[in-house]
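Provide a 3D model corresponding to the input given below.
(4 chains)
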There are 4 protein chains.
Amino acid sequence: MHTIHEKKNLVNRVRRIQGQLSGIEKLLEAGRDEDYAVILQTVASSRGALNGLMSELIEGHLREHVLVSPDGSLADRERALESILGVLKTYLK
Amino acid sequence: MHTIHEKKNLVNRVRRIQGQLSGIEKLLEAGRDEDYAVILQTVASSRGALNGLMSELIEGHLREHVLVSPDGSLADRERALESILGVLKTYLK
Amino acid sequence: MHTIHEKKNLVNRVRRIQGQLSGIEKLLEAGRDEDYAVILQTVASSRGALNGLMSELIEGHLREHVLVSPDGSLADRERALESILGVLKTYLK
Amino acid sequence: MHTIHEKKNLVNRVRRIQGQLSGIEKLLEAGRDEDYAVILQTVASSRGALNGLMSELIEGHLREHVLVSPDGSLADRERALESILGVLKTYLK
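As a prediction, the model looks like this:
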């Protein structure tokens, strides 16, 4: 899995998206028309942040489990590739 | 803005995505290799949920503010269209 | 539908994407490993061009058929909105 | 690079997208309002086809050049991974 530093960075990315979603929730609750454009912009930017999170997760996995692997075996690396191809294809749709 | 029922539905959508993100955060903190595919799948599905939220927000806005508007004026409907075109173009990228 | 100028601009966008696809086809036929990254970059950029085309089509439709319409009737504008909501939701996925 | 069979399959995918684009071009040239929804649907489906093409290209590259490579060297596989990470990140955006 990821190093402590990488893990912290990934968790911080998730927390930022959670912060954006809390902001969206508050504006929806307030229900003011003038907040509409800000709500849409925040949804768009939280999707961008999710894409960034996915991109970092996939890159880390390809580097640490497909290119090389803890026990160095081809079988281990092959399993690691199979485990993300399904999600990658869904995500590329 | 949206009716009470629509607002509740939108807020529930946001809360479901927040629940998914909390799940991702826990799995990242645990840092187990075997959780990797589940993390990727959850990120992919939370992005799908965000797209669904955006789609509902845009549809509601087009129906209630661009097609018709509270004061019925073309100028009001024009402003409403302008306010989402920018976000729509970013989102379609 | 669109003015002559807009139509020309939309057709040119389509032709540029067709040019990109012909380039991809040639590189695939040649089958050289070193062309791989260029093929991927061209596919990525033709998808961006398609998104640009979709964005312009939707904006034109919202302005010319949903905001206002040739015969000015609400029913006509309502039909125009319904005709793109389905595609917009598919595209936002 | 890909086997003859894979190459043929990839080229056919490209040709199908070219066919869709030619159809879009003709409808735009005809400029009839009633064709509008079909144009949008065809743009949406050609984007889906492009995503399918990208997905197949990336999967083939990961299997044949990152997981293993013709000369089997780690350095060769590393270069192959680097060459697609840039495009993959752009595409995931």
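
where does residue A:83 land in three-state SS?
Following DSSP: H, G, I helix; E, B strand; the rest coil, the label given to residue A:83 is helix.

for chain D, see how far away it is.
Shown here: residue A:83 relative to chain D, a distance of 12 Å by CB to the nearest CB, to the nearest Å. To be clear about C-beta, it is placed using only N, CA and C from the backbone, and glycine gets the same treatment.

setting the sequence-adjacent residues aside, check what's closest to that residue.
residue B:37 (4.5 Å; CB to CB, 6 or more residues apart in numbering or on different chains).

for that neighbour, give me phi and psi.
With angles defined as degrees, to the nearest 10, residue B:37 sits at phi -60, psi -40.

list the helices and strands the strand or helix carrying residue A:44 packs on?
Assigned by DSSP states H and E, residue A:44 belongs to helix A:36-61. Counting contacts by 3 or more CB pairs under 8 Å, 6 or more residues apart in numbering or on different chains; DSSP states H and E, helix A:36-61 is packed against helix A:4-30, helix A:74-92, helix B:36-61, helix B:74-92, helix D:74-92.

if you set the cut-off to 6 Å instead, what comes out?
helix A:4-30, helix B:36-61, helix B:74-92, helix D:74-92 (3 or more CB pairs under 6 Å, 6 or more residues apart in numbering or on different chains; DSSP states H and E).

list the buried residues of the second one.
With burial defined by 16 or more other CB atoms under 10 Å in any protein chain shown, the residues of helix B:36-61 counted as buried are B:36-37, B:39-40, B:42-44, B:46-47, B:49-58, B:60-61.

with the third one instead?
For helix B:74-92, the buried set under the neighbour-count rule, 16+ other CB under 10 Å, comprises B:77, B:80-81, B:83-84, B:87-89, B:91-92.

dead centre of chain A: give me the residue that sits there.
By CA atoms, centre = their mean, chain A has its centre lying nearest to residue A:53, at 2.6 Å.

relative to residue C:62, how far out is the nearest residue to it once chain neighbours are set aside?
Excluding its sequence neighbours, the residue lying closest to residue A:53 (CB to CB, 6+ apart) is residue A:13, at 4.8 Å. Plainly put, residue A:13 is 34 Å away from residue C:62 if you go by CB to CB, to the nearest Å.

what does residue A:54 give?
Distance from residue A:54 to residue C:62, by CB to CB: 30 Å.

one more: residue A:92?
Distance from residue A:92 to residue C:62, by CB to CB: 28 Å.

please apply the same query to residue A:17.
For residue A:17, the distance to residue C:62 - CB to CB - is 29 Å.

of the two, who's got more company?
Set residue A:17 next to residue C:62 and count neighbours by other CB atoms under 10 Å in any protein chain shown: residue A:17 wins out with 25 against 21.

pLDDT-wise, which helix or strand of chain A ranks last?
Across the helices and strands of chain A, mean confidence by mean pLDDT, DSSP states H and E is lowest for helix A:74-92: a mean of 89.

who does that helix touch, helix- and strand-wise?
Using 3+ CB pairs under 6 Å, 6+ apart, helix A:74-92 is in contact with helix B:36-61, helix D:36-61.

quick one: the first one to helix B:74-92, angle?
When you say that, I think you mean helix B:36-61. 160 degrees (axes from the mean of the first three to the mean of the last three CA atoms, to 10 degrees).

picking that back up, wait, which of the helices and strands packed on helix A:36-61 is closest to residue B:67?
helix B:74-92 (7.6 Å; CB to CB).

contacts made by the closest one with the rest, please.
Contacts to helix B:74-92, defined as CB atoms under 6 Å, 6 or more residues apart in numbering or on different chains, come from residues A:37, A:40-41, A:44, B:61, B:65-66, B:69, C:51, C:54-55, C:59, C:62, C:67.

confidence score at residue A:12?
Residue A:12 is assigned 96 on the pLDDT scale.

same check on residue A:1?
Confidence score, pLDDT, at residue A:1: 55.

one more: residue A:32?
At residue A:32, pLDDT is 90.

residue in chain A with the shortest distance to chain C?
As assessed by CB to the nearest CB, chain C sits closest to residue A:93 within chain A, at 7.6 Å.

who's in contact with that residue?
Per CB under 6 Å, 6+ apart, neighbours of residue A:93: residue D:51.

out of the helices and strands packed on helix A:36-61, which is closest to residue D:32?
helix B:74-92 (23.9 Å).

might you calculate how far that closest one sits from the centre of the chain?
16 Å (CA atoms, centre = their mean, to the nearest Å).

before we move on, what about stretch A:69-89?
19 Å.

now do stretch A:21-37
Using CA atoms, centre = their mean, the offset of stretch A:21-37 from its chain centre is 24 Å.

what of stretch A:68-76?
25 Å.

how about residue A:70, phi and psi?
phi -50, psi -40.

that one: how many residues sit nearby?
10.

and the gap between it and residue A:77?
For residue A:70 relative to residue A:77 (CB to CB), the value is 10 Å.

and the closest residue to residue A:10 other than its chain neighbours, how far from residue A:81?
Spatial nearest neighbour of residue A:10, chain neighbours left out: residue B:28 (5.2 Å); criterion: CB to CB, 6+ apart. Distance, residue B:28 to residue A:81, by CB to CB: 21 Å.

hmm, back to that, could the helices and strands packed on helix A:74-92 go into TSV alongside mean pLDDT?
Compiled in TSV, the helices and strands packed on helix A:74-92 are given as follows (pLDDT from 0 to 100):
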stretch	mean pLDDT
helix B:36-61	93
helix D:36-61	93
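
among those helices, which comes closest to residue D:7?
Across these, closest to residue D:7 is helix D:36-61 (CB to CB), at 10.0 Å.

returning to that earlier point: pretty sure the residue nearest to residue A:10 is touching residue A:11, no?
Yes: Residue B:28 is in contact with residue A:11 according to CB atoms under 6 Å; the separation is 5.3 Å.
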